[in-house]
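1. sequence and computational prediction follow.
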Amino acid sequence: MTFDKWFNSQSTLLKVILLILPFVGWVVELLIRLSVALRKKDAVSIVVFVLFLFIGWSWILCLIDLIYMVVTGHLLFA
């Protein structure tokens, strides 16, 4: 699964649009984190995926990821 690589290759505007939509943003971030966890298979990626699975639906984590993505170009811990 290379969803994270596909996401990172998109323009910043498309990334912002995908992340800013309420339910779509959560699903996109979940797919990105799942993709990273399956590709890397390290403890940090798996813990971040599980953590985001249970508390990632809150808007504060999505907002933090959105701001971090605009500044750096990729999601926090992904």
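-> Done, it's in. Numbering: from 1, shown residues only.
2. ok, which stretches of the protein are helices?
-> With helices called from DSSP state H, the chain shows them at 3-8, 12-20, 22-40, 43-55, 59-72.
3. any idea which of those helices gets closest to residue 78?
-> Nearest of the helices of the chain to residue 78, taken as Cβ to Cβ: helix 22-40 at 5.1 Å. Every C-beta, even on glycine, is put in place using the N, C-alpha and C of the backbone.
4. and that closest one, what does it pack onto?
-> Applying 3 or more Cβ pairs under 8 Å, 6 or more residues apart in numbering; DSSP states H and E, one finds that helix 22-40 makes contact with helix 3-8, helix 12-20, helix 43-55, helix 59-72.
5. contact partners for residue 19?
-> Applying Cβ atoms under 8 Å, 6 or more residues apart in numbering, we find residue 19 in contact with 25, 28, 29, 62, 65, 66, 69.
6. pLDDT score for the residue nearest the centre of the chain?
-> Closest residue to the average C-alpha location of the chain: residue 29 at 3.1 Å, with Cα atoms, centre = their mean. Looking at residue 29, its pLDDT stands at 89.
7. follow-up on the earlier one: please produce CSV containing the helices and strands packed on helix 22-40, extended by distance to residue 35.
-> Below are the helices and strands packed on helix 22-40 laid out as CSV (distance: least, Cβ to Cβ, whole Å):
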stretch, distance to residue 35
helix 3-8, 4
helix 12-20, 14
helix 43-55, 9
helix 59-72, 15
